[in-house]
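Undergrad: structure, please.
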Amino acid sequence: MTSSGDRSDDPASHSSGPASALGPWVGIGVPPDIALRLAGARPILSLDPGLIAAAGLDRLNGAVVACMLLGDQMDAVDIILLLVEAGFRGEVMVIAPPMPSPRMVQRELSRLGKGLKIKLAVI
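TA: Okay, the predicted model is just below:
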């Protein structure tokens with residue numbers, strides 16, 4: 001995992017303490033400008049989609065994993081399935097362009113992501 005600024009790349013460093021009370025915002029294929037806009041006060045980490053299984057996301061307290069609905073390497077469906085397989089049970093923010101039926105898309109993604117809290121961020 002890589003982080004922005006001079007923040008530590010060690011996931012364990014984001015699991016306790018007052019600065020990480022919210023947990024990290026882990027972007028998978030999310031452009032930096034969008035990550036900065038949506039992460040709020042959370043520490044920002046970036047993760048290559050091929051490293052999801054080995055990243056230990058299930059051990060990060062309060063982490064939010066974010067991905068694009070339609071990504072360059074993988075789309076949200078692929079990432080959600082990999083997160084479930086890796087044992088992650090937290091929040092997943094799926095970033096999408098404006099669309100006619102966002103609730104339907106969120107509902108379908110939630111069906112795939114058993115145990116995940118899927119939120120659709122339309123920007």
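
Undergrad: from here on, just use CA atoms for contacts and neighbour counts.
TA: OK.

Undergrad: so where do the strands sit in the chain?
TA: Counting by DSSP state E, residue ranges of the strands within the chain are 2-3, 25-28, 44-46, 64-68, 91-96, 117-122.

Undergrad: name the residue most distant from the centre of the chain?
TA: Within the chain, P100 marks the point farthest from the mean C-alpha position, 23.5 Å out by Cα atoms, centre = their mean.

Undergrad: low-scoring stretches of this protein, by residue?
TA: Counting by pLDDT under 70, the low-confidence segments of the chain come to 1-20.

Undergrad: repeat that with 50
TA: Under the criterion pLDDT under 50, the flagged ranges of the chain are 5-20.

Undergrad: which stretches of it form helices?
TA: Counting by DSSP state H, the chain has these helices, from start to end: 32-38, 76-85, 102-112.

Undergrad: touching, Q106 and A121? I think so.
TA: No - between Q106 and A121 there is no contact, the gap being 9.6 Å when judged by Cα atoms under 8 Å.
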